[in-house]
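Student: Structure for the following, please:
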Amino acid sequence: PIAAPVMPANVVASLSRAVESIARDVAADVNGLELGAGPVSSKRETLHTLDMTPSGKAVASLNIDVTSLRRNEALARNSVLIRANPTTVEYFGEDRWAASVSTLVTEKLESEFGAPVSGRGTVRLTGTILAFERLDTPEGTKGHVKLDAMLEGGARDGKAVPLLWKLYEASAPVGGNSASDVAKSLSCALEEVAASIAVDAGRIPPAPSSPGALAVHLYTLDMTPSGKARC
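Tutor: Numbers count the residues shown, from 1 in each chain. Next up, the predicted model:
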């Protein structure tokens, strides 16, 4: 309960007592555990990675820096995620990724884009990995990748210049029921995403030889009343 009057300090005090109550319950459950009572797993933990062999699909005319790409909080654990349906998430029991999802995705994209080429322009890929999972659908099981990404150019006044924002998404069929099959599928899906990013990077116009003020075009809406919205 919140003591009267209802004000921020009393709300905070009430929340503190609620958390203390939860902590007592957790401690009681932990103290009541029989740690030796659980079954011993006969299977050892298996670590998985992606196929880092370049597919040759992502031919970019610019260097693409992917080191700023980050995972969504839902992908914080290293377990191989299974989205059984839109509201249910599961994991393979003893299978883990050998590295964080951010590391795996950036290393795969780097292998697709290739090493930086001296003298060539560079764009930076920033954003969030929204999905990196096995997706079970009525049409079949797929490896599903989705990135909320932005391509940024060289800095002006200490700030990067946004060039293109886009949701990149790709899926590839999973050839079996194991986590290694999912890893192969996700590798293929990332190759398609890398190819799309490379195409978009190639459409970015070259930077001007001498920096100057960018042309700015201002727009407004048609403010003529349509007569449709009468209160």
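
Student: Strands of the protein, start to end?
Tutor: Here the chain has its strands, by DSSP state E, at 46-48, 63-71, 79-85, 88-97, 122-137, 140-156, 159-173.

Student: Residue 203: which of the ones you listed is closest?
Tutor: Residue 203 lies closest to strand 159-173 among the strands of the chain, at 8.1 Å (C-beta to C-beta). Every residue, glycine included, has its C-beta placed from N, CA and C.

Student: Identify the residues contacting the nearest residue to residue 107 once chain neighbours are set aside.
Tutor: Of all residues not flanking residue 107 in the chain, residue 52 sits nearest, at 6.3 Å (C-beta to C-beta, 6 or more residues apart in numbering). Residues in contact with residue 52 (C-beta atoms under 8 Å, 6 or more residues apart in numbering) are 107, 108, 111.

Student: if I look at residue 152, how far off is residue 85?
Tutor: Note on residue 152: its distance to residue 85, by C-beta to C-beta, to the nearest Å, is 36 Å.

Student: cool, and residue 192?
Tutor: From residue 192 across to residue 85, the span is 24 Å (C-beta to C-beta).

Student: For the two, indicate the residue with more neighbours.
Tutor: The residue with more neighbours, out of residue 192 and residue 85, is residue 192; 19 against 11, by other C-beta atoms under 10 Å.

Student: hang on, that one packs against residue 185?
Tutor: No. Using C-beta atoms under 8 Å, residue 192 makes no contact with residue 185, being 11.2 Å away.

Student: who touches both of these two?
Tutor: By C-beta under 8 Å, 6+ apart, residue 192 and residue 185 have these common neighbours: residue 172.

Student: where does the chain have its least confident helix or strand?
Tutor: Ranked by mean pLDDT, DSSP states H and E, the helix or strand of the chain with the weakest confidence is strand 140-156, at a mean of 89.
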